[in-house]
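Engineer: Provided below for reference: sequence and predicted model.
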Amino acid sequence: MHDLPQQNAKIAELFQDLHPPFEPQAAVIESNRCLNCFDAPCTTACPTHIDVPRFIKKIASGNLRGSALGILEANVLAASCSRVCPVQVLCEGACVMHRYNKQPIAIGRLQRFAMDSFHANGGALPKQSHEEHSQKIACLGAGPASLAAAAELKQRGYQVTVFDKRPQPGGLNTYGVAEYKLPLPDSLREIKLIEDLSVQFRFGVEVGRDIPIEDLEKQFDFIFLGVGLGAMHKLDIPGGDHPAVIDALEFIANYKTARATSIQGKVVVIGAGNTAIDAANAAARLGANTVSILYRRTLTHISAFDFEYEHSVQEGVTFHWLTQPVAIHTSNGKLSSVECMRMEIAADGSPRPVANSNFQIGCDLIIPAIGQSPLLNFLAQCNVRLEKGRVAVDRATGQTTNPKYFAGGDCVNGGREVVDAVAEGKRAGIAIAKALEATHV
Amino acid sequence: MSKSVTRPSTQPDISVNFAGIRSPNPFWLASAPPTNSAEQIMRAFDAGWGGAVWKTIGAQITNVSSRYSSIDWNGQRMMGFNNIELISDRPLEDNLREITAVKKRYPKNAVVASLMVESTREAWHTIVQQAEDAGSDGLELNFGCPHGMSERGMGSAVGQVPEYTEMITAWVKEKARTPVIVKLTPNISDIRTVARAAKRGGADALSAINTINSVTGIDLDTFIPSPNVGGKSSHGGYCGPAVKPIALNMVQQVMSDPEAALPISGIGGIATWRDAAEFILLGSGTVQVCTAAMHYGYRIVEDMIDGLQNWMAEKNFANIEAFRGLSLPKVTEWKHLDLNYKIVARIDESKCIGCDLCYTACWDGAHQCIHLDRVTGPIDGPVEMHKNPHDIEVAARDNITVTPIPKLDPPKPTEGPYPTPLARIPRVDETECVGCNLCSLVCPVENCINMIEVDTGLPPESWEERTADTLTGKSC
């Protein structure tokens, strides 16, 4: 990962910045608008508790380096968080300006401004300790949770190795975020700073298959589980295994790595979460003639954020509510339609099929986005307690029921935001460091 | 003050007679770049300005480049302004000829010639004669310019020495047939000493203040202060909104001193009709404006006139004299203030937005009597019983927050009856509140924190009265 790849030109053109960066003077004007609240609600609302007024007022004073370092102290993936966070429900949602002159401070864009400036000036992550300790920690998965834990521990002088089965680090931050929010090279640019701390990365290695977990347990003092979730749920209906049925994460990774830079025809996305919306918007931008989202319940039940839904409508995506796919039909080996059934919401709130309501929606590509399954087989090898398929941890430390293991990110929270994974990884990193300090004496 | 519903049938009269100089309104352009030429002044009169004090005429000078610098504040440009420009750099004859031309075309507007020459009786007699022959309605003696000219024994070099001020004023009065205004410099320990000298010298009026000595700032890359003249700078004269409170104080000092008080033209940071009204309430007969006109152009006078007239109509003031000086009796020495008058801060919970700036201001900058433990803490009591700012911030950082997912985490209703959660609405411990105003000053929301009078049950008592009583043994 020493040479950062360039964004594919076609993809760059199709997926231009949704929220363009601030010009320097605009950033200062916006920074000056911030009231500088005491114990600011934006800071409390941020899972990583970035001291928002502090970094904003440093932009206003022209101390951009200090601004970025203050942000990084709380969140080592602050550059990507500034672009992928659902700020409407986090920092900006908590801004007191909603009750003042209505427009919240553009915290996300200001954070991006500080981080862009930091990267442009060749900024490096600072070390918290110049001492090197011999203790070793393995971080499994190179997604946001592991990266945050790894950076925290390495900054404190511990030896960290990150394992991932993919060829590049970042997990969903690199392979799963809509390109108009965060281009793939920008995710890698940020992670390069963690690598520069001398965190070791081993790519293309699946622990539990390529390396027995027992070997890691012997070699490392602690193991951090940042493995995320497993494969996406299959569309378990007749025809669901057709090659033109591609799950949303694979579809997104394909275009982000420029393996697919255009599509044609009618696209049907199944599910109405944030990933479904990312896939549907991408399909529209890549050239699909029509893009439809099928959801078995109604708008009020979707797990996507309101602003994601509204954005998708603007991108031209059509929503079919109370629609459940039941079979996929082909013609001459190609997809022809998806057969659906009307649903209704029963008195108890659950969706129920309407008898004799089947109908066809023509399609050339189907993208199921109906959630990911947990990595149950792998987690069973780690001897940690699971609750509803999630690794059970002490929330303040990320400690699992197995004293050797800490955990954070999607495998613990069931699939939330990058910023949640970073917060959990950092808390675990601090807790592991404390446990190791106790052995220094 | 009760608001009257009946308004005068005609617009309030804002014309003035300032020490014998008539003007359709009290708004004059100060002697400065906006009054450099007839062409400019005629456009200014067309825009509505009542008068103009011509850019100072006198000995020939040469200016430098650059000449101005300013202070921006929180994104606002030219909060304070500074210049190192000298008096008019145009030939004296041109200025005199243009004064005549302007007076001919605008006989009702006031044209005042600002004068500065070397400190000899002959020089002053000559320039007075020339300005009056040109047709100026009055003379303003520039004893205030703080830079450049002062090094040559003129400007503030005169205004800082009461004896010189009195002497030159007297020379001018020997010759002048029109009213003589002495412009005062603020760069002196007590402005009244020079004002008294001017009055003794026979001045008909005063104007105050001229600019304040200043270094506006230093470039952190080149280390050169601004304005930069080929790598060096020089102290300049400071003006603009930042200096208004200093000017108001000096006008008040002069106008409250019987030995100094004369008709006064108020100057310093005036940009709106509100600023003008304040100067008039402290006794000013006219006001002079420069920085605001340099920033936004002559057009600003439209709202100055309109706003002042609307306000006068609302307050039932038929003319300027009806309210001129009304606030002077309301300024007194500290020793006469009532020690038993008490106010406390009260926060309107329905208006509070939860920024908690009042809390941090009260703890760090005042008397530690605003608290954030409305939900959990004691109602009144000493500081030790309440959480301090550090504890509150630490607790907030230890709080674990996650991104709410619409399906899993429905939005929680706000706790409490107000738009802002109760835990973020500060409250005031009124037993500890000293009524300092700080919280209400930092609060960004209008009328959210009000200072309410509380009855101490004690009769009014000033420091002077209290210490007099102590001396007579009546109380301590």
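Structural biologist: On my side now, so go ahead.

Engineer: Please make it C-alpha for all contacts and neighbour counts, starting now.
Structural biologist: OK.

Engineer: Verify the stated contact: residue A:80 with residue A:188.
Structural biologist: No. Contact criterion CA atoms under 8 Å: residue A:80 and residue A:188 do not qualify, at 9.8 Å.

Engineer: Verify the stated contact: residue A:416 with residue B:408.
Structural biologist: No. In this structure, residue A:416 is not within contact of residue B:408 by CA under 8 Å, at 10.8 Å.

Engineer: between the two, which one's more packed in?
Structural biologist: Between residue A:416 and residue B:408, residue A:416 has the larger neighbour count (other CA atoms under 10 Å in any protein chain shown), namely 16 against 8.

Engineer: In space, what's closest to the more buried one - neighbours in sequence excluded?
Structural biologist: residue A:410 (6.3 Å; CA to CA, 6 or more residues apart in numbering or on different chains).

Engineer: what residues are up against that neighbour?
Structural biologist: A:226-229, A:416, A:421 (CA atoms under 8 Å, 6 or more residues apart in numbering or on different chains).

Engineer: one more time with 7 Å
Structural biologist: A:228-229, A:416, A:421 (CA atoms under 7 Å, 6 or more residues apart in numbering or on different chains).

Engineer: Can you report phi and psi for it?
Structural biologist: phi -60, psi -30 (degrees, to the nearest 10).

Engineer: what does the domain assignment say about chain B?
Structural biologist: Annotated domains of chain B cover B:16-330, B:334-454 [automatic domain parsing].

Engineer: what about residue 14, neighbour count?
Structural biologist: The chain I'm using is chain A. 17.

Engineer: Chain B, not that one
Structural biologist: Residue B:14 has 20 nearby residues by other CA under 10 Å.

Engineer: Could you do residue B:274 as well?
Structural biologist: 14.

Engineer: circling back: tell me which of residue A:80 and residue A:188 has more neighbours.
Structural biologist: Comparing residue A:80 with residue A:188 by other CA under 10 Å, the one with more neighbours is residue A:80, at 28 against 22.

Engineer: Need the pLDDT of that one.
Structural biologist: In this model, residue A:80 is scored at 97, pLDDT.

Engineer: Next up, the contacts around it.
Structural biologist: When contacts are counted by CA under 7 Å, 6+ apart, residue A:80 touches A:182, A:187.

Engineer: for residue A:75, same thing?
Structural biologist: Neighbour list for residue A:75: A:48, A:50, A:422 [criterion: CA under 7 Å, 6+ apart].

Engineer: Sheet partners, orientation included, of the strand or helix carrying residue B:287?
Structural biologist: Following DSSP states H and E, one finds residue B:287 within strand B:284-289. Sheet pairing of strand B:284-289 (DSSP bridges) gives strand B:27-29 (parallel), strand B:264-267 (parallel).

Engineer: So what touches the following helix or strand past the first one?
Structural biologist: Okay, so that is strand B:27-29. Following strand B:27-29 in sequence order, the next helix or strand is helix B:38-47 (DSSP H and E). With CA under 7 Å, 6+ apart as the test, helix B:38-47 has contacts from B:34-35, B:52, B:98-99, B:102, B:298-299.

Engineer: Recalculate using a threshold of 8 Å.
Structural biologist: Contacts to helix B:38-47, defined as CA under 8 Å, 6+ apart, come from residues B:34-35, B:51-52, B:95, B:98-99, B:101-102, B:106, B:109, B:298-299, B:301-302.

Engineer: Narrow these to those in strands?
Structural biologist: B:51-52 (DSSP state E).

Engineer: what about burial for the contacts of helix B:38-47, which qualify?
Structural biologist: B:34-35, B:51-52, B:95, B:98-99, B:101-102, B:106, B:109, B:298, B:301 (16 or more other CA atoms under 10 Å in any protein chain shown).

Engineer: of the contacts of helix B:38-47, closest to residue A:314?
Structural biologist: Each of the contacts of helix B:38-47 was scored against residue A:314 by CA to CA, and residue B:299 proved nearest at 44.4 Å.

Engineer: where's that closest one relative to chain A, distance?
Structural biologist: Per CA to the nearest CA, to the nearest Å, residue B:299 is found 26 Å from chain A.

Engineer: ok, which residues in the stretch 1-150 of chain A are in contact with chain B?
Structural biologist: Applying CA under 8 Å from any CA of the partner chain, we find that the stretch 1-150 of chain A lies next to chain B at A:28-29, A:32, A:35-40, A:44-47, A:49, A:60, A:89-90, A:96-97, A:99-100.

Engineer: In helices, which of those residues appear?
Structural biologist: Using DSSP state H, the members of those that fall in helices are A:28-29, A:32, A:44-45, A:60.

Engineer: quick one: which of the contacts of helix B:38-47 is nearest chain A?
Structural biologist: For these, the residue nearest chain A by CA to the nearest CA is residue B:299; the value is 26.1 Å.

Engineer: ok, for that closest one, nearest residue in space, not its chain neighbours?
Structural biologist: Leaving aside its sequence neighbours, residue B:299 sits nearest to residue B:47 (CA to CA, 6+ apart; 5.9 Å).

Engineer: circling back: most surrounded residue in the contacts of residue A:410?
Structural biologist: The most crowded member of those, judged by other CA under 10 Å, is residue A:421 (31 neighbours).

Engineer: In a strand, that one, correct?
Structural biologist: No. Using DSSP: H, G, I helix; E, B strand; the rest coil, the secondary structure at residue A:421 is helix, not a strand.

Engineer: Tell me who's in contact with it.
Structural biologist: A:144-145, A:408-410.

Engineer: That one - nearest residue in space that isn't next to it in sequence?
Structural biologist: Using CA to CA, 6+ apart and skipping the chain neighbours, the partner closest in space to residue A:421 is residue A:409 (4.0 Å).

Engineer: one step back: among the contacts of residue A:410, which one sits closest to residue A:199?
Structural biologist: Nearest member of the contacts of residue A:410 to residue A:199, counting by CA to CA, is residue A:421, at 18.6 Å.

Engineer: Same list (the strands paired with strand B:284-289) but as a markdown table, adding distance to residue B:199.
Structural biologist: Shown next, in a markdown table, are the strands paired with strand B:284-289 (distance: least, CA to CA, whole Å):
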| stretch | distance to residue B:199 |
| --- | --- |
| strand B:27-29 | 22 |
| strand B:264-267 | 12 |
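
Engineer: so which of those gets nearest residue B:135?
Structural biologist: strand B:27-29 (17.5 Å).

Engineer: mean confidence for that closest one?
Structural biologist: For strand B:27-29, mean pLDDT is 98.

Engineer: Neighbours of residue B:241, how many?
Structural biologist: Other residues near residue B:241 number 18, with proximity taken as other CA under 10 Å.
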